[in-house]
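[1] Dropping the sequence and predicted coords here.
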Amino acid sequence: MNRKDLLGLYDLSAEEIEEILTLGLSYKAALKRGEKEHSALKGRSVITLFYENSTRTRTSFELAAKFLGAKVVSISVATSSVQKGETLVDTGKTLDAMKNDVIVIRHPMGGAPKLLADTVKAHVVNGGDGMNEHPTQALLDMLTLKEHLGSIKGLKVAILGDIRHSRVAKSNLYGLTKLGAEVRLFGPKTLLPEGLEREGAIVCSSREEAVKGADAVMGLRIQLERQKAGNFPSLGEFAKYYGVDEQVLSHAKKGALVLHPGPVNRGVELSSGVIDGAQSHIEDQVLSGLAVRMSVLSLLGKEERA
Ligand code: NCD
C-alpha cells in the first residue's frame, strides 16, 4: 500500500485490502502467541483525536500503535482547545507543528477525516466519520471472515439492522464486494437508503431471505444518537421483526459466523442466546481489530522507514 491516508474502503483496491488483511493475520497470530513488541513504528508518534465516544476503536488503535513501538498521545476533545472554538483544520496544524506522524480521527461529520488529511502532513486514519465510513471496522470483520473461512471470495454475508446510519455497513459493503463476496442487506424500510444496489448490494425483503444459506450474519447497533424518533415503533418491536435470534440464525449455513461491531444492545439487534452462543465471534472480532489496526498503521508508515 502506497498512500498517505486511510479514509475509507471505497477508494481502496482489492490488492490493497488483501495486503492489509495478510499482514493483519500475521499480527493476529503474533498476538495470540503473546508477542506484543514490534518495531515498525519505532521513533514515530501517533495521536488519537476522537470527537465521539468509543471504547474498542480508540483503545485498539492506541494499543496497536504502542505494540508497534510508537509514542502515543490521546487527545480528549472534551478538555482540549476544541472547546474554545478551535477548528478541526487549526487543531490539525497545531499537531503537525509538533512533528507528529499519524492522526487517528473519529468525528460525527462525514468527510471530516478527508478535510483533515488534505491539510496536514501527518498520515490520517479514519476511525469512523458520521454515517460515511469506518474502514478499520470493516477490515477487522473481513480479517475475522478470512481467518475462519479461508477466503472472502464467494462468501454470502447478511448485514441486518440500521443500514442508513451505519458507517460499518457502508465500509463492509465496499470492501466485501471488492473481494468478491455477496452482501445482502435487510432492515426497516426507513433505515434502508435508496441506491444500495448500485454499490453491489442485494437488498432483501425479509430476515429469512437475507440469512438463508449465509456464511456470516452481522447485526448492527441501532444508532439511537443519529436518528430522529419515528424510524421504527420501539426497540421491542425492532427486536421482534428485525433482530436475530436462534430461530432466524437457523436459516444460515450450519456454523455461520455471527458478527457485531459492538457495542451491542443486548436483546435488540441480537438475542442474548445468539450473542453468547457458539457461533458468536464478537470477542474474536476485538482481537482482529487490534491486529488489523497494527497492520494499517505499519503499512502507512512504511515509506518513511525505507
Ligand atoms: C461502531 C461505530 O462506532 O461506528 N462501533 C465500533 O467502532 N466498534 C458501531 C456502532 O457504534 O454502532
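    Happy to help now that I have it. Residues are numbered from 1 along each chain as shown.

[2] looking at the sheet around Ile159, what are its partners?
    Note on Ile159: beta-bridge partners by DSSP bridges are Leu185, Met218.

[3] Check what pLDDT it gets.
    In this model, Ile159 is scored at 98, pLDDT.

[4] The residue in the chain positioned nearest to the ligand is in what secondary structure piece?
    Of all residues in the chain, Arg221 sits closest to the ligand, at 3.2 Å by CB to the nearest ligand atom. C-beta coordinates here come from the backbone N, C-alpha and C atoms, glycine included. Arg221 is part of no helix or strand, with elements assigned from DSSP states H and E.

[5] What's the local residue count around it?
    Here the count is done by other CB atoms under 10 Å, and Arg221 has 19 residues near it.

[6] Report the contact partners of it.
    Gly161, Asp162, Ser166, His260, Pro261, Gly262, Pro263, Val264, Asn265, Glu269 (CB atoms under 8 Å, 6 or more residues apart in numbering).

[7] Now the buried members of those residues.
    Gly161, Asp162, Ser166, His260, Pro261, Gly262, Val264, Asn265, Glu269 (16 or more other CB atoms under 10 Å).

[8] From those, pick the one nearest Arg293.
    Checking the buried ones among the contacts of Arg221 against Arg293 with CB to CB, the nearest one is Pro261 at 13.8 Å.

[9] Turn the contacts of Arg221 into TSV, columns for secondary structure and distance to Leu300.
    Shown next, in TSV, are the contacts of Arg221 (DSSP: H, G, I helix; E, B strand; the rest coil; distance: CB to CB, whole Å):
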residue	secondary structure	distance to Leu300
Gly161	coil	31
Asp162	coil	30
Ser166	coil	25
His260	coil	27
Pro261	coil	22
Gly262	coil	24
Pro263	coil	27
Val264	coil	30
Asn265	coil	33
Glu269	coil	32
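
[10] so which of the residues you listed also contact the ligand?
    Contacts with the ligand within the contacts of Arg221, counted by CB under 6 Å from any ligand atom: Pro261, Gly262.

[11] that older thread, how about the buried ones among the contacts of Arg221 in CSV, adding distance to Thr91?
    Supplementary listing: these in CSV, determined by distance: CB to CB, whole Å:
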residue, distance to Thr91
Gly161, 33
Asp162, 30
Ser166, 27
His260, 32
Pro261, 27
Gly262, 28
Val264, 32
Asn265, 32
Glu269, 34
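
[12] what does the stretch 51-200 of the chain have sitting close to the ligand?
    Listed as neighbours of the ligand in the stretch 51-200 of the chain under the rule CB under 6 Å from any ligand atom: Arg56, Thr57, Gly128, His134, Gln137, Arg167, Val168.

[13] Was I right to think the fourth one contacts Leu173?
    No. Under the criterion of CB atoms under 8 Å, His134 makes no contact with Leu173, lying 11.7 Å away.

[14] of those two, who's got more company?
    His134 (27 against 24).

[15] ranges for the helices of the stretch 201-306 of the chain?
    For the stretch 201-306 of the chain, the helices defined by DSSP state H, counting those that start in this stretch occupy 207-211, 235-242, 246-249, 272-275, 282-300, 302-305.

[16] related to what we said a few turns ago, now for the residues of the stretch 51-200 of the chain next to the ligand, which pair is the farthest apart?
    Greatest spacing in these, by CB to CB: Arg56 and Arg167 (14.5 Å).

[17] Quick check on those two: which one has the bigger neighbour count.
    More crowded of Arg56 and Arg167, by other CB under 10 Å: Arg167, with 25 against 16.

[18] can the residues of the stretch 51-200 of the chain next to the ligand go into TSV with extra columns for pLDDT, secondary structure and distance to Leu115?
    Below are those laid out as TSV (pLDDT from 0 to 100; DSSP: H, G, I helix; E, B strand; the rest coil; distance: CB to CB, whole Å):
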residue	pLDDT	secondary structure	distance to Leu115
Arg56	93	helix	25
Thr57	97	helix	20
Gly128	97	strand	15
His134	98	coil	17
Gln137	98	helix	21
Arg167	97	helix	16
Val168	98	helix	21
